[in-house]
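1. show me how the following folds:
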Amino acid sequence: MLLATVLVAGCGGSKKAATHSTVAPSSGPRDRFGTVWLCRPGETGDPCSTDLTTTVVAGDGSTRIERIAPAANPPVDCFYVYPTISAEPTINADLGIGLREREVAVAQAAQFSQVCRVYAPVYRQITLAALEHPRRITLADALIAYRGVLAAFRSYLAHYNDGRGLVFIGHSQGATILIRLIEHEVDGNASLRRRLVSALLLGGNVTVARGRSVGGDFAHIPACRSRSQVGCVVAYSSFATRPPTNSDFARTTSDAGVSLLAPRRLSSTLEIMCVNPASPRGGAGPLEPAIPSLVLAFLRSSRAPRITTPWAAFPGRYTARCESSGNAHWLQISPTRSRATYRPPLTRLQDPAFGLHVLDVNIALENLVALVRAEAAAYGRR
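-> Now for the predicted structure:
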């Protein structure tokens with residue numbers, strides 16, 4: 001049940017006011033260059049290299065087992081920054097590796113080990129408690145989180161990348177940090193842009209010039225418009241209904257709580273980027289959710305099939321389409337009209353202000369993995 005709790009944790013935090021810590025933050029083990037890694041290839045207990053065995057549930061209720069393993073020698077690397085997950089009472093988290101950090105890495109990043117080597121630094125993120133009182137968060141607090149990821153990224157480039165193609169993956173606060181990092185470290189650097197396979201920046205309010213593929217947060221890196229396009233961005237916030245006017249995501253007026261890291265530039269010429277991972281060219285496409293099986297128990301559906309594997313997949317139960325209304329631009333999640341015996345009640349996790357934010361990654365996880373696989377192959381052919 002903890003894994004389900006971890007996934008839902010991004011919707012809120014402790015009601016206790018966060019404080020600035022006066023105690024030296026604890027830290028996990030550092031590599032010889034000084035970075036604490038949550039995920040790193042070859043690391044003992046790496047949560048991004050766990051068992052991926054999946055029960056695929058067909059529309060008629062029949063099941064089959066897919067035995068999936070991390071790739072032995074994938075062609076590209078993934079640099080993953082996890083979302084707001086820390087339950088510490090301070091403004092900034094420490095560098096300790098707890099069960100929450102491990103479980104969210106399993107839920108969001110482990111499946112990508114099929115197609116890339118996954119690196120994920122531990123960073124002193126803004127905590128859930130701090131987001132309950134966002135006015136207490138200062139630019140200095142936000143920069144503590146950002147600079148930790150920046151230092152880890154520069155160390156990764158210097159000591160681990162070896163010129164390989166690179167995929168960025170971030171959700172929520174992780175996406176917000178990566179928006180700033182890519183803007184300052186990659187967008188204006190032609191050499192690094194040539195190594196960019198793609199950037200999956202989910203639930204982070206990426207801006208783009210209205211009706212165009214570039215502009216806004218990035219001057220040179222466009223939105224992805226095909227499965228074979230490289231050097232591009234996939235970004236969206238998922239909702240089961242139109243985002244309300246006070247939504248924390250998908251509107252140019254949205255404030256997800258950590259906007260100090262990537263402040264919104266309000267302009268009638270900008271919109272929030274939406275790229276449908278099920279159909280990057282546009283229109284609707286079928287989603288392929290991949291969900292840690294413990295989440296099904298959390299949803300308490302009496303008709304749920306018996307799942308004994310770590311993962312469950314439900315292809316064809318939902319579709320996605322990018323929708324626009326006023327200053328909102330979002331990924332609309334809708335049930336298909338199929339007569340499926342069982343449909344996981346994922347839209348039950350819709351939050352009035354956050355939408356399906358906690359499921360931004362998992363609602364389309366197999367689509368995203370397939371997209372990175374296709375992009376990595378296209379990158380290798382260049």
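2. switch to C-alpha atoms for all contacts and neighbour counts from now on
-> Fine.
3. can you show me the helices along the chain?
-> Assigned by DSSP state H, the helices in the chain fall at 2-8, 99-109, 128-131, 139-159, 173-185, 190-195, 293-299, 365-381.
4. so which of those helices is the most packed in?
-> Highest mean neighbour count of these: helix 128-131, a mean of 27 (counted as mean count of other Cα atoms under 10 Å).
5. gap between that helix and the chain center?
-> Averaging C-alpha positions (Cα atoms, centre = their mean, to the nearest Å) puts helix 128-131 19 Å from its chain's average.
6. may I see the buried residues of stretch 331-344?
-> 331-335, 342-344 (16 or more other Cα atoms under 10 Å).
7. relative to residue 239, how far out is the nearest residue in space to residue 234 that is not next to it in sequence?
-> Nearest residue to residue 234 in three dimensions, chain neighbours excluded: residue 200, at 4.8 Å (Cα to Cα, 6 or more residues apart in numbering). Per Cα to Cα, to the nearest Å, residue 200 is found 18 Å from residue 239.
8. these two: who's more crowded?
-> Neighbour count, other Cα atoms under 10 Å: between residue 200 and residue 239, residue 239 has more, with 28 against 24.
9. which residue is the nearest non-sequential neighbour of the more buried one?
-> Per Cα to Cα, 6+ apart, closest to residue 239 is residue 355, 4.6 Å.
10. give me the neighbour count for the one you found.
-> 27.
11. please identify which pair of the buried residues of stretch 331-344 lies farthest apart.
-> Within those, 331 and 342 form the most distant pair, 23.0 Å apart (Cα to Cα).
12. list the contacts of stretch 143-153.
-> 35, 79, 81, 92, 121-126, 177, 181, 261 (Cα atoms under 8 Å, 6 or more residues apart in numbering).
13. likewise stretch 370-382?
-> Contacts of stretch 370-382 (Cα under 8 Å, 6+ apart): 75-76, 115, 165, 167, 197-198, 227-230, 277.
14. pLDDT on that stretch, on average?
-> On average, the pLDDT along stretch 370-382 is 95.
15. off-centre distance for it?
-> Counting by Cα atoms, centre = their mean, stretch 370-382 is centred 19 Å from the centre of its parent chain.
16. extract the CA atoms of it and return them as PDB.
-> Extracted C-alpha coordinates of stretch 370-382, given in PDB (Å, rounded to 0.1, in the frame of the first residue of the first chain):
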ATOM      1  CA  ALA A 370       7.700   3.000 -26.800                       C
ATOM      2  CA  LEU A 371       8.200   6.600 -27.800                       C
ATOM      3  CA  VAL A 372      11.700   6.700 -26.300                       C
ATOM      4  CA  ARG A 373      12.500   3.400 -27.900                       C
ATOM      5  CA  ALA A 374      11.600   4.800 -31.400                       C
ATOM      6  CA  GLU A 375      13.400   8.100 -30.800                       C
ATOM      7  CA  ALA A 376      16.500   6.200 -29.600                       C
ATOM      8  CA  ALA A 377      16.500   4.200 -32.800                       C
ATOM      9  CA  ALA A 378      16.100   7.300 -34.900                       C
ATOM     10  CA  TYR A 379      18.900   9.000 -33.000                       C
ATOM     11  CA  GLY A 380      21.100   6.000 -33.700                       C
ATOM     12  CA  ARG A 381      20.400   6.300 -37.500                       C
ATOM     13  CA  ARG A 382      21.500  10.000 -37.600                       C
END
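17. if we can go back for a sec, mind checking which of the buried residues of stretch 331-344 land in strands?
-> Using DSSP state E to define strands, the subset of the buried residues of stretch 331-344 located there is 331-335.
18. flag the least confident of the residues you listed.
-> Where pLDDT dips furthest among those: residue 335, at 92.
19. without its sequence neighbours, what residue ends up closest to that one?
-> residue 318 (4.3 Å).
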